[in-house]
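Novice: Sharing a model that was predicted from the sequence below.
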Amino acid sequence: MKKTILLLAALILLTVITNAQDKGATSTTGKAFDENSHVLNIGVGFGHNYYSYTKYTGYYYRNIPTISISYEQPYKKRLGPGFLGVGGYFAFRSTSYGYDDVYWGNEKYYYRHTYNNFLGAARAAYHWDGLNAKNAEVYGGVLLGFRAQTYNYTTNNNDPDFNDDYKIESGFRMYPVAALFVGARWYFAKNLGVYSELGSGISYITFGLSFKW
């Protein structure tokens, strides 16, 4: 599954690069990202190895895809053969695992563990003129921030001895995050486009919409 997703992403990036180069040869009215651009991205992300559980019989594993929003605008001065976009990034992801319908004698129990992850970060991306055409572009950058994680354990088994052995340490934790990413964007309308990014922040791959003004 992971190889299929990466292959699909590579094909999308290749298509957008080709599109950008073709359009760039005839474009004389600007770039997809320039000194006046303001871009808002809303995306859905898939894949990461924060948690890896063995799927024993009776266990379930649920993962809500990452929901992310980011904003980018150009640094006030042109840097070399392109523009540096700077902005912020926020994402949320929820993962849970456990098992239900467990019988001890005549009693029926459930056990559930839930992790919620919130990522807030600053990020910067370089938009090189060679891959930045009128309606499409390829870019790459870095993300720096923090991931906040909350954990919750719920069960209807009131046996304290059992729960003390089964329960993982709960509470709130913070983790620093540093990640590289590469992305591609294509505008099918004047101010509306689609984008895809590969990275190691909170998702391996993200797809979404870009709003430009």
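Specialist: Yep, that arrived.
Novice: Mind listing the strands the helix or strand harbouring residue 113 pairs with, and their directions?
Specialist: Using DSSP states H and E, the secondary-structure element containing residue 113 is strand 107-128. Counting by DSSP bridges, the strands paired with strand 107-128 are strand 82-104 (antiparallel), strand 136-155 (antiparallel).
Novice: Specify the stretch among those that is closest to residue 129.
Specialist: Comparing the strands paired with strand 107-128 against residue 129 with C-beta to C-beta, the closest turns out to be strand 82-104 (5.1 Å). (C-beta placed from N, C-alpha, C; glycine too.)
Novice: list the buried ones in that closest one?
Specialist: Residues of strand 82-104 classed as buried: 82-85, 87, 89, 91, 93-98 (neighbour count, 16 or more other C-beta atoms under 10 Å).
Novice: Number of residues surrounding residue 172?
Specialist: 9 (other C-beta atoms under 10 Å).
Novice: no no, residue 107
Specialist: Residues contacting residue 107 under the criterion other C-beta under 10 Å number 11.
Novice: Report the separation between it and residue 99.
Specialist: Distance from residue 107 to residue 99, counting by C-beta to C-beta, to the nearest Å: 15 Å.
Novice: so what's residue 91 closest to, chain neighbours aside?
Specialist: Once its chain neighbours are removed from consideration, residue 91 has its nearest residue in residue 68; the separation is 3.8 Å (C-beta to C-beta, 6 or more residues apart in numbering).
Novice: With residue 185 instead?
Specialist: In this structure, residue 185 finds its nearest non-sequential neighbour in residue 195, 4.1 Å apart by C-beta to C-beta, 6+ apart.
Novice: quick one on the thing from earlier: tell me which residues of the strand holding residue 113 are tucked away?
Specialist: By neighbour count with 16+ other C-beta under 10 Å, strand 107-128 contains the buried residues 109, 111-113, 115-119, 121, 123, 125-127.
Novice: Need the buried residues of strand 82-104 in JSON lines (columns: distance to residue 147).
Specialist: Listed next are those as JSON lines, based on distance: C-beta to C-beta, whole Å:
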{"residue": "82", "distance to residue 147": "30"}
{"residue": "83", "distance to residue 147": "28"}
{"residue": "84", "distance to residue 147": "25"}
{"residue": "85", "distance to residue 147": "22"}
{"residue": "87", "distance to residue 147": "18"}
{"residue": "89", "distance to residue 147": "11"}
{"residue": "91", "distance to residue 147": "9"}
{"residue": "93", "distance to residue 147": "9"}
{"residue": "94", "distance to residue 147": "13"}
{"residue": "95", "distance to residue 147": "13"}
{"residue": "96", "distance to residue 147": "17"}
{"residue": "97", "distance to residue 147": "19"}
{"residue": "98", "distance to residue 147": "22"}
